[in-house]
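Engineer: Mind looking at a prediction? Sequence and model below.
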Amino acid sequence: MPDANATPDAAKILLRPPIIAAGHTPATVTDKISAVITDATPKWWYGGLGMSLSLLGIFAISVAWLLFKGVGVWGINNPVYWGFAIINFVWWIGIGHAGTLISAILMLLKQDWRNSINRFAEAMTIFAVACAGVFPLLHLGRVWRFYYLLPIPNTFELWPQFRSPLIWDVFAVTTYALVSILFWYVGLIPDLATLRDRTKNRAVASIYGILAAGWRGSTKHWHQYEVASMFLAGLATPLVVSVHTVVSFDFATGQLPGWHTTIFPPYFVAGAVFAGFAMVITLTIPLRHLFGLQDFITMRHMDNMAKVMLATGLIVVYGYAVELFIAWYSGSPYEQFMVINRMTGPYKFAWYALILCNFLAVQFLWSSKVRGSLVGLFIVSMFVNVGMWLERFVIVVTSLHRDFMPSSWGMYTGTIWDWGTYIGTIGLFLTLVFLFIRFLPMISIFEMRMIVPESAKLKKEH
Amino acid sequence: MTESNPSGGLTMEKVRQRLQSGEGPAHWRSLDELAQTDEFAELVQREFSHMLPLEGAGFDRRRFLQLMGASMAMAGLSACSLQPEERILPYRQQPEEIIPGKPLYYASTHPRNGFGRGVLIESHMGRPTRVEGNPDHASSLGKTDIFDQAAILGLYDPDRAQSVQYLGTPRSWEALAEEMGNQLSAQEGLQGAGLRFLLQNTTSPTTISMLERIKERFPQATLHHYEASNDDQARQGSQIAFGQHVHVHYDLAEADVILTVDCDLLNDGPGAVRYTRDFADGRRVVEDDHEMKRLYSVESTPTNTGTLADHRLALAPARLESFMLALATAVGVPGVQARPEAELENWVWAIARDLGAHRGRSLVTAGDACDPALHALVLAINDRLGNIGQTVLVGDAVQAFEDSGTESLAALVDDLNAGKVDLLVVLGGNPVYDAPAELDFLAAMQKAETRVRVGHSFDETGRWCQWQVPVSHWLEAWGDVRSHDGATSLIQPLIEPLYRTRSLDQILALFTGDDAASDYDLVRETWISRAQMSEKQWRRWLHDGSGQASVASLDVSVDTDRVRQAASTLGRTPGLCVLLRPDPTIGTGEWANNGWLQECPKPHSRITWDNAALLSPRTAESLGVSNEEMVRVSSGERSVELACWILPTQADDTITLHLGYGRTHAGHVGNGNGFDVNPLRTSQGQWLLEDISVTPLGRRYRLASTQLHANMEGRELVRTTTLAGMHHGDEHHESGHHLNPDDSLMPGFEYDGYRWGMAIDLSTCSGCNACVMACQSENNIGIVGKDEVLNGRELHWMRIDRYFEGDPDQPSTYLQPVMCQHCEQAPCEVVCPVSATVHTDEGLNTMAYNRCVGTRYCGNNCPYKVRRFNFYHYSDDTTEVLKLQRNPDVTVRHRGVMEKCSYCIQRINHAKIEASVKDMPLAETGLVSACQQACPAGAIEFGDLNDPSAKVSQWQSSDLAYGILTELGTRPRTLYLKRVSNPNPELVRS
């Protein structure tokens, strides 16, 4: 916990925006955050949830039709056997990565500024993984046999094929989901206890009580909590790197030009963090405004997240550059053709849009003015959200649609059901977000209380 | 029973008719429905009245048993249409030849356009499942074409006519016989003056004798004939040249230098399979690299034969005819004087010298669409080259009719319009759809008082006839037919008629007054009684399916005066023209309801399910039309609208329109596909229309082509060399980018037993699609329909890739059959998460369908893109009758499962079991893959690579062998043999 005497000099602090507004005490922090849950439900929330549920309805219809008819309702074909399902899967998984990075790595690095955004980012991780997890299941031709992918002992003594990256995916994604949920839940326990104590409705209080698992805030509890969260942070840290590395293996171990490349693991991880921070910014900007949480999620947070986005974005751009270089340097006609086809083929619009979104748009973040402007940040982060989806589109579709045999080249377009499933998972995500912000503290109350002293110090300086 | 019962009630006959009038598979369902009607209850009461309980007894045990009994009786009704009742007895002793699970093969003959090809039919427990070539038959030599392969589907076509119908209501055969009896007794006094028959081409001795008997009984009756796909102009040409009606066929084995003139010699006509075999035998340099036949093709529209030509010229008909006149001059045909076009002069002289240097061992052939005068000229060239009797074999005419179909049909139309016809019997064909437009056949036909239609289905012609008479499929009936060489072979049924149908000869017997005769008796009568064949000879013939002598050769000479006169009529004014041709896969429409053939890609355009106006890039540019744009093609008053397809191998100034599409009453599969171009076709312009105009309509129409990209992109997929280059060890097309297959850190797998492999000779493959159809029929491969082909989801396990290379004005077409390459290091295997595709210890890359969950990762990772996915449930498992066709040895795949070529693993396993049971080498079991078995060119070899004497091992170790995409380290087990050509040094540009 930062000590007032040990903090850097005032001048330095003034240069950087604070991570909590001035004048807060532990009590005001608790009041302000828990009020979001205990106060009357704001009208806009119903509207938001309603909209999300209607998108979720699109999801239900799309999935029902898919299961009834088969994956043929999508635009996939020979040679483009993977389409929206895999693009969306990678996109969603990538988005989740920011949450894990914030909650685990920044925690281990004792970056206090993360305290106000980690809860929300973690929740976003879980919801994104839920959306991501839907796609590998739905994309199976025979989804009712999905358990063939799991190492379940059976009388045939048949196991999954451990050489396949798809099996690695199964392990990577399920581990990721499990650790993320545990980490999130463990972090929620002290706050659930706060809500238990503050809720007036007895029935609701008992639900929070059960979830709080008997938390009384004793020193022993706090000690065990610290150990558990450090342990989980330690577990989650490698996952930030490993999950998207494994996802990138789905492509990198394939032998298609445009897939078969060693740059993919770091490039995918950086892309994931890039996409994740973009999504956190996209969601935080409206939410902090709607709930009046500007005191806790300050411009300092926005600035920091923008910087992470810029850094990872540059790594992604480096990845693009290396792909181009290697295509030329390898001397492989297939690789060279792939690059030329991306830039001049029928899907060139996707490639140029991708460069615009992921390369050009991000360069604005060099400017502290843009980083300090919510509108600017929102626009850039939306560009990145779209850009990262396009990146996966370019990787999946333009590599597959023209590979080795010119006789089998084809085209791919998503059908209404592709879009329905994609938009539907956005509905799933938003529904979960709306339920979360209403029923659980979206900012970690107890962790915010830890940074209250900084708030007090800011007050003194005024 | 038919007439005696009260009209309101339901009779057994009516039930039977009702069952049969429904779609074949719906029998059981209609039975259920029937069981709930009042009529049914009444019927049960009447038929089983002795079993009725007292009134008001309610539904007791007895009543229950009665109804059950009635249901059983009804079940018997339906079953007897598959098998005659007397044969449903269980085997008291297992018949020696029927072993459940083991197919039997019977010899028969597949009749098409009047000629037959000997085939062997695979029969599983009494149901024919597959057609293969008969190795003993001269037209087949064990090989087939796409139509032979797809014919099996026609037997089980759910849209077949299933019973006699009068004005759309079912009638019995007895009722038909009674009606015809009445009509004929009225005609007898007139000697049949009001009686007309319209037939198709036929060579069947039995049918011809039936027709003679009809003529005896009704001397004033006339027999007419018309067939949309015919060789009338060729026969007229030989009539000019030889002064008599003859039958011409070729001996390609003897021909070293061949020139085809707008002629798909290797793919079209009754002899094509045999010709392909003889041609390929003389081109297979992998086994004998000294001699190689040389082929020149001059043609207006691309043919499969042309793809194999060492020199191909695409010329519009006007240029083509002047080219041939110049060639005739150069060869020295007396009386012909013509100078070649300057541009083509070296071609004419080079070809003429080459042909002249091979006197008696050369051959010039012209296609059915060529002008009769051109045919005569070609025969004169052959005569001049000493080829008549050597490579051009001339025998007695074998077809029933000498005049041309259009003349014959025009005479019929005149009679019809004059009101001379009381009873018109249309046997086969579909004249309402395909008769020459100017005859307005439909209007004329309606002037006949009674119209009887004998056909396979209720088609465009059937609609306008009162009586619809269903004819048996050739797999259900006895018959006989002549082969391309004039020898007769027997058509032997494999199954009792599925429905209440009769053979064509039996139906003709209705008019000879001999309607009780069975088809078997009629054919035997022709041969045993009339031709004095002994019973032993008959059985031998039946068993072998061959053995009759080809037609006796005639000593003929070419009448050069007549040829000269005819040739003087040749010479057209250049200009845009339309070429009408039978469709490469659905003929003139008779195959339109065959899903396999609809989805079989056209060899050049790779279009499925449609026809299109094929034109060259230059013509398209000058007309201002783009690919898939709708155009109106007009010839005089008549016009058709259809979509364009730009084909680089098409001759400039020509538009090829394929017949057979735009059917309205073909059936569920064939209706509404493509464009009907028959409105342009006239008696005078059967194959060629000049003075045409083309109007672009600006609309687009999507055509479902299976191959969108025709450029090889510099990838060494099809490698080529020349005979001369081969001898000089020229490593044409080689580059340094190849991985040595043995470059691996890991030791290779030791194959102790079998090690399967395949080799495909690109020098002889003409891309005829027979292998594709054979694979489809052998492996229960479904069809997906046009929309799914447009989606890129066709299921064919093997495809024929087509690339255009070389001079953009005269490009070469390279064809390459591609199926699963069974890679040693298969990229698909490692990525499957559930081990659904695995390697066997014999080197096969196999699919476990019931393990596949459909991640499709294998399909992505396959560089050859040979894996096929069931995006939907493509297998039709609701149409009952189609189930009979399926090969019981191959799983019918479900939705969500990946599938691909298995190297015919079911055949491999049969062969292995047979070899081990009989303790003999596998090579002696005659193991062949389905594609190999069908390939007329013998371009596919499959077998055990561990057996050095196996042909496939020898081919694979040849210098010509190469694998595709081997630089990826996949180590494919299917290797290709380079496409070797034998160009004329005089024509090779330096």
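Structural biologist: Yep, that arrived.
Engineer: Contact partners for the residue of the stretch 1-150 of chain A found nearest chain B?
Structural biologist: Residue of the stretch 1-150 of chain A nearest chain B, by Cβ to the nearest Cβ: A:Gly141 (1.8 Å). Glycine gets a C-beta too; all of them are placed from N, C-alpha and C. In this structure, A:Gly141 makes contact with A:70-71, B:852-856, B:869-871, B:895-898, judged by Cβ atoms under 8 Å, 6 or more residues apart in numbering or on different chains.
Engineer: Could you rerun that using 6 Å?
Structural biologist: Shown in contact with A:Gly141 (Cβ atoms under 6 Å, 6 or more residues apart in numbering or on different chains): A:71, B:854, B:896.
Engineer: the strands in the stretch 151-300 of chain B, which residues?
Structural biologist: For the stretch 151-300 of chain B, the strands defined by DSSP state E, counting those that start in this stretch cover B:165-166, B:169-170, B:195-199, B:222-225, B:246-250, B:257-261, B:294-299.
Engineer: cool, chain A as well?
Structural biologist: With DSSP state E as the criterion, chain A has no strands.
Engineer: Spell out which parts of it neighbour chain B.
Structural biologist: For chain A, the residues in contact with chain B (Cβ under 6 Å from any Cβ of the partner chain) are A:70-72, A:77-79, A:81, A:140-142, A:145, A:148-149, A:160-161, A:163-164, A:166-167, A:254-255, A:404-410.
Engineer: So how do I select the buried members of the residues you listed in ChimeraX?
Structural biologist: Only the buried entries of the residues of chain A next to chain B go into this ChimeraX selection, using 16 or more other Cβ atoms under 10 Å in any protein chain shown:
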select /A:70,71,72,77,78,79,81,140,141,142,145,148,149,160,161,164,166,167,254,255,404,405,406,407,408,409,410
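Engineer: Cross the residues of chain A next to chain B against helices and list the overlap.
Structural biologist: A:166-167 (DSSP state H).
Engineer: Tabulate the contacts of A:Gly141 (a markdown table), appending distance to B:Arg277 and pLDDT.
Structural biologist: Conversion of the contacts of A:Gly141 to a markdown table gives the following (distance: Cβ to Cβ, whole Å; pLDDT from 0 to 100):
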| residue | distance to B:Arg277 | pLDDT |
| --- | --- | --- |
| A:Val71 | 43 | 93 |
| B:Gly854 | 41 | 93 |
| B:Gly896 | 41 | 92 |
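Engineer: which ones are touching residue 270?
Structural biologist: Since no chain was named, I'll use chain A. A:312, A:315-316.
Engineer: not quite, I wanted chain B
Structural biologist: B:115, B:484.
Engineer: Let me see the backbone angles for it.
Structural biologist: phi -70, psi -20 (degrees, to the nearest 10).
Engineer: thought B:Thr203 was touching B:Arg482?
Structural biologist: Yes. The pair B:Thr203 / B:Arg482 is scored as a contact, 3.8 Å apart, by Cβ atoms under 6 Å.
Engineer: Common neighbours of the two, please.
Structural biologist: Common neighbours of B:Thr203 and B:Arg482 (Cβ under 6 Å, 6+ apart) are B:Val398.
Engineer: excluding its backbone neighbours, what's nearest B:Pro128?
Structural biologist: B:Leu494 (4.2 Å; Cβ to Cβ, 6 or more residues apart in numbering or on different chains).
Engineer: quick one on the thing from earlier: which one of the contacts of A:Gly141 is nearest to A:Ile19?
Structural biologist: Relative to A:Ile19, the closest of the contacts of A:Gly141 is A:Val71; by Cβ to Cβ it sits at 47.3 Å.
Engineer: measure B:Leu723 to A:Trp44 for me?
Structural biologist: Counting by Cβ to Cβ, to the nearest Å, the gap from B:Leu723 to A:Trp44 is 82 Å.
Engineer: neighbour-wise, which of these two wins?
Structural biologist: Using other Cβ atoms under 10 Å in any protein chain shown as the criterion, B:Leu723 and A:Trp44 rank with B:Leu723 on top: 19 against 9.
Engineer: what residues are up against that one?
Structural biologist: Applying Cβ under 6 Å, 6+ apart, the residues near B:Leu723 are B:292, B:980, B:982.
Engineer: For the last one, give me phi and psi.
Structural biologist: Put plainly, it is B:Asn982. Per degrees, to the nearest 10, the backbone of B:Asn982 is at phi -130, psi 70.
Engineer: now B:Glu941
Structural biologist: According to degrees, to the nearest 10, B:Glu941 has phi -120, psi 140.
Engineer: For it, which residues count as its bridge partners?
Structural biologist: B:Ala759 (DSSP bridges).
Engineer: ok, it to B:Gln933 distance?
Structural biologist: Counting by Cβ to Cβ, the gap from B:Glu941 to B:Gln933 is 11 Å.
Engineer: Then B:Asn673?
Structural biologist: For B:Asn673, the distance to B:Gln933 - Cβ to Cβ - is 30 Å.
Engineer: Please name the residues that touch the closest residue to chain A within the stretch 151-300 of chain B.
Structural biologist: Nearest to chain A in the stretch 151-300 of chain B, going by Cβ to the nearest Cβ, is B:Asn267, at a distance of 20.6 Å. When contacts are counted by Cβ under 6 Å, 6+ apart, B:Asn267 touches B:304, B:768.
Engineer: mind checking the SS state of B:Leu657?
Structural biologist: Under DSSP: H, G, I helix; E, B strand; the rest coil, the three-state class of B:Leu657 is strand.
Engineer: Could you check the pLDDT of residue 346?
Structural biologist: Assuming you mean chain A. Listed pLDDT for A:Pro346 reads 93.
Engineer: You answered for a different chain; I wanted chain B.
Structural biologist: Value for B:Asn346, per-residue pLDDT: 91.
Engineer: Relative to B:Phe323, how far out is it?
Structural biologist: 12 Å.
Engineer: So which of the contacts of A:Gly141 is the closest to A:Ile445?
Structural biologist: Using Cβ to Cβ, those come closest to A:Ile445 at A:Val71, 45.1 Å.
Engineer: What lies in contact with the regular element (helix or strand) spanning B:Val789?
Structural biologist: Counting by DSSP states H and E, the element that carries B:Val789 is helix B:786-790. When contacts are defined by Cβ under 6 Å, 6+ apart, helix B:786-790 is touched by residues B:608-609, B:702, B:704.
Engineer: which residues of the stretch 151-300 of chain A fall in helices?
Structural biologist: A:165-198, A:202-212, A:219-252, A:264-290, A:299-330 (DSSP state H, counting those that start in this stretch).
Engineer: Save the ones you listed as a markdown table, and put in mean pLDDT too.
Structural biologist: Shown next, in a markdown table, are the helices of the stretch 151-300 of chain A (pLDDT from 0 to 100):
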| stretch | mean pLDDT |
| --- | --- |
| helix A:165-198 | 90 |
| helix A:202-212 | 90 |
| helix A:219-252 | 89 |
| helix A:264-290 | 89 |
| helix A:299-330 | 90 |
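Engineer: A:Gly50: neighbour count?
Structural biologist: A:Gly50, neighbours per other Cβ under 10 Å, totals 12.
Engineer: And the pLDDT at B:Ser7?
Structural biologist: 42.
Engineer: circling back: with respect to chain B, which of the contacts of A:Ala270 is nearest?
Structural biologist: Among these, and counting by Cβ to the nearest Cβ, the member closest to chain B is A:Val316, at 23.4 Å.
Engineer: burial count for that closest one?
Structural biologist: Neighbours around A:Val316, by other Cβ under 10 Å: 27.
Engineer: before we move on, what about the one 5 residues further on?
Structural biologist: Under the neighbour criterion other Cβ under 10 Å, A:Ala321 is assigned a count of 12.
Engineer: Distance check, it against A:Phe359.
Structural biologist: For A:Ala321 relative to A:Phe359 (Cβ to Cβ), the value is 10 Å.
Engineer: for B:Ala314, same thing?
Structural biologist: From B:Ala314 to A:Phe359 the distance is 49 Å (Cβ to Cβ).
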